[in-house]
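>>> Predicted model, plus sequence, below.
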Protein chains: 2
Amino acid sequence: MTRDEARALDREDPLRELRARFDLPDGLIYLDGNSLGALPRAAVARQQEVVTREWGTSLIRSWNDHGWIDAPARVGAKIAPLIGAGPHEVIVTDSTSVNLFKLLAAAARLSDRRVILTESGNFHTDLHIAAGVAELMGFELRVVARDAVEVAIGPDVALLLLTHVHYKSGARWDMAALTARATAAGVRTVWDLSHSAGAVPLDLNGAGAELAVGCGYKYLNGGPGAPAFLYVAEHLQESLANPLSGWMGHAEPFAFTDDYRPAPGIARFLTGTPTILGLAALESGVESFAGVSMEALWAKSVALVDLFARLAAERCPELACVTPMDPEARGSHISFAHPHAFEICQALIADGVIGDFRAPDIVRFGITPLYVGHEDVWRAVDILADILATGRWRDPRFAVRGKVT
Amino acid sequence: MTRDEARALDREDPLRELRARFDLPDGLIYLDGNSLGALPRAAVARQQEVVTREWGTSLIRSWNDHGWIDAPARVGAKIAPLIGAGPHEVIVTDSTSVNLFKLLAAAARLSDRRVILTESGNFHTDLHIAAGVAELMGFELRVVARDAVEVAIGPDVALLLLTHVHYKSGARWDMAALTARATAAGVRTVWDLSHSAGAVPLDLNGAGAELAVGCGYKYLNGGPGAPAFLYVAEHLQESLANPLSGWMGHAEPFAFTDDYRPAPGIARFLTGTPTILGLAALESGVESFAGVSMEALWAKSVALVDLFARLAAERCPELACVTPMDPEARGSHISFAHPHAFEICQALIADGVIGDFRAPDIVRFGITPLYVGHEDVWRAVDILADILATGRWRDPRFAVRGKVT
């Protein structure tokens, strides 16, 4: 395929107008929306409004007058259709890590078994948080290789913790199949949707998923450190007790009573005061999906990832693709192994192509169909091929590491 | 005192120029900075810069290039001098409630005793979070009346949880005396500084305080739902394990290892990805204290609270002041009991005086010397006296309650 052919595909792309919803620097090819989503144009004015009008002018009255108190449930309800959940099954609060702690600890208390099962190489905060829960509650955290997870779903396992789309390889679990298998074995599954929400079509209700957490600042475009979301299937909500039982999860937070009485429904999973600036930005991010179906986005993602894989296979033979080629077995990013992945990633950034490095040897490209097109993919691979062919990633400045790599 | 005399005191006030650091609506008397601090002017431009330049243009690179990754420690170090702590003893993260959970659970693990002691009528999230920790860890939460706390510091008590300045009455514990008494009994104290940080001079190090949490959106002016802070005395940091052991508290978050290894020092109390928009606003809020000593602010607070108390005693005999008159025994707000506190509060708001109601019968006025002056206090009491004398708080519209009261 030539660049002109890629450009022609963009002209025919029914989603091409969506890029205008984002404020991206001219000429930059941004393939890191799976790490930090681009800035929605609407978020700029909205953030200014929250700061100057709601905080500055209405001040404390905004809790009622500008709906601050409803923001966690309101933004949660807007995320719900993107993940196949009911509006009252999702709430926005805290970070993914903190929410994971809540759900694991809450679900652990419902079981008389004592094992939390997960996969090695899972995103490490999931492993660390699960280890923390296990230590605090006298559980064993059992970490097995990915291909051993299914057989390890045994009679002593209370909870199965899986990340739906793997942060590094992009490999995707079959949510319905795994949930069914776990449920049949008396095991409750907690899904981390950080690399799936807003990226792949999700049907939590249809898959029988009971518990999930996910990230606000990746495909949902909620801004740096955006608050995360948490899903609990309706039938389970009243059985679960939030271990981080703060006042915002109280049935009557403004009655100021000594005793804790959990709010009905999903609101019991709130803890402290909601982060209003972050919620406002996330709301703009989620609204950037307005009028677009996840299926249409997914079809474009499949085409773009396939194109990236094909072009890279032709032009960058040094790179080993670690992402499944079957679209049903992957998310919306594509990753390659190379011993000098870090330097290659820096050389790409210097040439205006932003992907990211994941230790020890992966260069990763997020494909976000809201604002990435065929020509972007074509150019990214073209530049990548050139960096590899010329070996200019060997320039010592590309070996300099910041705190965040 | 006449209004002119109050105005004359403002003219002589060495801190009078500080009000210009805040963007407050003309004519509004804002006495609720203990619930949501006013908007620092610098926060407006700063928030726009974070959104458009750092997020929009630099995108993911801002984690290194704009110091996002350092923000929790950097803003913590700026809070430290306001509370008498070393710069490496304070970090900004999560909410007050979540941080309280971390410190209580971490400190609980160091003791072989099994009681957490606190006072009834403490701010309820403190009670709820402590109850959650107790339930999860097999502790007893012992809640006693305020005047029984000191004698209840006994040999079975592991932890004492106290809010330094009471959210409702404004009564302040003697931090050094209580900490010493607890320490002598082998009891570790956790201080909640939500109504003291930025309000009263604090000397955590001098008082021998080991553990504390506090709020970012009250006197520190960090904006709605600003991230909270957490303090651990240097000598204790390496002994404590964060139960919410997320990746940001890892020694090497970007090594992506399965095993958790806590960061050295205070950084181990981080959990998930820091909320950058909230941190930026809080940084502006904390910087609004630049060049001002807490002692100077406190002297002004004492004068203003004394003035409020004196004028209210003269002109509003229906109100029962519940705040200690000894400045050393109080914080920087003044509260009054009245059976119709809610309606009185609403009538005040309608007349441009914003205080707040605390169930069941308290009207509360936050005195924030950065932006409140003598004339503000004089006018507030004048309007309050008029509302009481005319009984116009009885207008039915003042009985309408929003979700947040």
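Structure received.

>>> Please, where are all the helices along the stretch 1-150 of chain A?
Taking DSSP state H, counting those that start in this stretch to define them, one finds helices in the stretch 1-150 of chain A at A:3-12, A:41-48, A:62-65, A:71-83, A:96-108, A:124-137, A:149-152.

>>> Tell me the residues of the stretch 201-350 of chain A that contact chain B?
Applying C-beta under 8 Å from any C-beta of the partner chain, we find that the stretch 201-350 of chain A lies next to chain B at A:217, A:223-228, A:242-248, A:250, A:253-260, A:271-279, A:281, A:349. For glycine as for every other residue, the C-beta is placed from the backbone atoms N, C-alpha and C.

>>> Give me the buried subset of those.
For those, a burial check counting by 16 or more other C-beta atoms under 10 Å in any protein chain shown picks out A:217, A:223-228, A:242-248, A:250, A:253-254, A:256-257, A:260, A:271-279, A:281, A:349.

>>> Return the subset of those lying in helices.
Per DSSP state H, helices hold the following members of these: A:276-279, A:281, A:349.

>>> any idea which element A:Val190 lies in?
Using DSSP states H and E, A:Val190 sits within strand A:188-192.

>>> ok, now A:Ala312?
Assigned by DSSP H and E, A:Ala312 falls in helix A:294-315.

>>> Work out the sheet partners of the helix or strand following that helix and label each with its direction, please.
Sequence order places strand A:320-321 as the next helix or strand after helix A:294-315, per DSSP H and E. Sheet pairing of strand A:320-321 (DSSP bridges) gives strand A:333-337 (antiparallel).

>>> Give me the buried positions along the strand it pairs with.
Under the neighbour-count criterion of 16+ other C-beta under 10 Å, strand A:333-337 has A:333-336 buried.

>>> Could you do stretch A:384-392 as well?
Residues of stretch A:384-392 classed as buried: A:384-385, A:387-388 (neighbour count, 16+ other C-beta under 10 Å).

>>> okay, among those residues, which ones form the most distant pair?
The largest separation in the buried residues of stretch A:384-392, counting by C-beta to C-beta, is between A:Ala385 and A:Ile387 at 7.4 Å.

>>> Any chance you could list what contacts the top strand by length along chain A?
The residue-count maximum for a strand in chain A (DSSP state E) belongs to strand A:157-163. Identification of contacts with strand A:157-163 by C-beta atoms under 8 Å, 6 or more residues apart in numbering or on different chains yields A:100, A:104, A:107-108, A:111-119, A:122-123, A:126, A:130, A:139, A:142, A:149, A:153, A:173, A:178, A:182, A:185, A:187-192, A:194-195.

>>> C-alpha coordinates for it, PDB please?
The C-alpha trace of strand A:157-163 is given here as PDB (Å, rounded to 0.1, in the frame of the first residue of the first chain):
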ATOM      1  CA  VAL A 157     -10.100 -20.400  44.300                       C
ATOM      2  CA  ALA A 158     -12.300 -17.600  45.600                       C
ATOM      3  CA  LEU A 159     -11.500 -14.900  43.100                       C
ATOM      4  CA  LEU A 160     -10.100 -14.800  39.600                       C
ATOM      5  CA  LEU A 161      -8.500 -11.400  38.600                       C
ATOM      6  CA  LEU A 162      -7.900 -10.900  34.900                       C
ATOM      7  CA  THR A 163      -7.000  -8.000  32.800                       C
END
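
>>> Next SSE downstream of that strand?
Strand A:157-163 is succeeded, C-terminally, by helix A:175-184 (DSSP H and E).

>>> and A:Asp376, what does it touch?
By C-beta under 8 Å, 6+ apart, A:Asp376 lies in contact with A:29, A:31.

>>> a helix runs through it, doesn't it?
Yes: counting by DSSP: H, G, I helix; E, B strand; the rest coil, A:Asp376 is part of a helix.
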